[in-house]
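Undergrad: Next come a sequence and a model predicted from it.
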Amino acid sequence: MSMWTTARARHYSMALALRVGHPMLQLQLRLSSTGVAAECGGCHMYHDLYGFHLGVCRTGNRKGLWTSRHDAVQAALLAAIRYIGGSCLSVSVGSGNWFGAAGVRPGSTSYRRADLVLAHYYGPGRHLFLDVAVADPASGSALACSPSSAVSSGVAAQLRASKKAAKYEPLAQSVSSAFRPAVLERYGACCDDLVGLIRMLCGDRDRDQLEPDYAFSTCSRSTYMASRVVFACVLADAAMVDAALLLDCAVQDSDRSPPSAIPRAPAPPRSRPFPCQRGDRPSQPQRDVLGSGGRFFYEGHSS
Ligand SMILES: [Zn+2]
């Protein structure tokens, strides 16, 4: 197994709980211990038990929570395209203006930019631009759509993809290039354009069976690439939920004063450490199996 198919156990179980509709353990414990649901630190509404609110909260991007999730999916897509042999660049930050005069915002020094570009994909000077987004099927616009996201999968992704296409396609056409939205829902459904992109880049070939992370369930190149991107999205969403619940539950727990009737346990003495037996070795901090400085790829780069 490689770093791209490895997840923290906590995030994996949370991602599983989010997909099957199991209550979040932190929220359940808080409700059972205090009798009151945890409060969202952004909009001060009460959390539901299933983590739904964090996908549709109007201040959901507080502390960069949604940005971290987006960046993880973008990095995973970039790595997956490079892995299958494509040439891809991240152009969302500090890489100049790829859309020329059309990209300049009137009255501003900034310019519009996509997330990724497959430079010269269609020929010299003709690029393929990609923009990544993570949509939520529980958002009001997706639920109100026909068919509703409540009865059909991928509606929210398709809705966001059409908005992205309306924004970026004219910009890409102005520089003789093309654009494809790369939108996933937080539970893993992909928009049609992303499915088509994966098929276009991978073709119908199978993977080399001597690859270190070869598995029968992802034996074709397209299923392998799709599984990497969707795995990153689902795990990045679980990491986002974990970070948000850590913020909300931890802050509220520290605000709560302990009941005066219950005596607190005495603190252990700090000046004298516990005596070690002869031959004891100092404990080593636990090492990650495959991490990057203690952080996994889907946990984002911003703090
Ligand atoms: Zn909220």
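TA: On my side now, so go ahead.
Undergrad: Can you list the buried residues in whichever strand or helix holds C249?
TA: With secondary structure defined by DSSP states H and E, C249 is part of helix 221-255. By neighbour count with 16 or more other Cβ atoms under 10 Å, helix 221-255 contains the buried residues 221-245, 247-249. No exception for glycine: its C-beta is placed from N, CA and C like everyone else's.
Undergrad: And stretch 43-50, by the same measure?
TA: H47, L49, Y50.
Undergrad: quick check, distance from the helix holding C249 to the centre of its chain.
TA: 6 Å (Cα atoms, centre = their mean, to the nearest Å).
Undergrad: Also stretch 116-134?
TA: A distance of 21 Å separates the centroid of the chain from that of stretch 116-134, by Cα atoms, centre = their mean.
Undergrad: Straight-line length of that stretch, end to end?
TA: Across its full length, stretch 116-134 reaches 15 Å between end residues, using Cα to Cα, to the nearest Å.
Undergrad: Contacts for it next, please.
TA: Counting by Cβ atoms under 8 Å, 6 or more residues apart in numbering, stretch 116-134 makes contact with 66, 69-70, 73-74, 77-78, 81, 86-92, 98, 114-115, 160-161, 164, 168, 171-172, 175-186, 197, 233, 236-237, all of which sit outside it.
Undergrad: Quick check on those residues: which are buried?
TA: Buried positions within the contacts of stretch 116-134, assessed by neighbour count (16+ other Cβ under 10 Å), are 66, 69-70, 73-74, 77-78, 81, 88, 90-92, 98, 114-115, 160-161, 164, 168, 171-172, 175, 177-186, 197, 233, 236-237.
Undergrad: Near the ion, which residues of the stretch 1-150 of the chain are found?
TA: Contact residues (Cβ under 5 Å from the ion) of the stretch 1-150 of the chain with the ion: C40, G42, C43, C57.
Undergrad: So the second one belongs to a strand, correct?
TA: No. Secondary structure of G42, determined by DSSP: H, G, I helix; E, B strand; the rest coil: coil, with no strand assignment.
Undergrad: Would you mind confirming that it is in contact with L54?
TA: No. Distance between G42 and L54: 9.3 Å, which falls outside the contact criterion (Cβ atoms under 8 Å).
Undergrad: what sits against N61?
TA: Contacts here follow Cβ under 8 Å, 6+ apart; on that basis N61 touches T67.
Undergrad: can you give me phi and psi for it?
TA: In terms of degrees, to the nearest 10, the main-chain angles of N61 are phi -90, psi 20.
Undergrad: Report the separation between it and F231.
TA: Relative to F231, N61 is positioned 23 Å away (criterion: Cβ to Cβ, to the nearest Å).
Undergrad: cool, and M240?
TA: On the measure of Cβ to Cβ, M240 and F231 end up 15 Å apart.
Undergrad: how about the strands of this structure, start to end?
TA: Using DSSP state E, the strands found in the chain span residues 89-90, 116-123, 126-135, 178-185.
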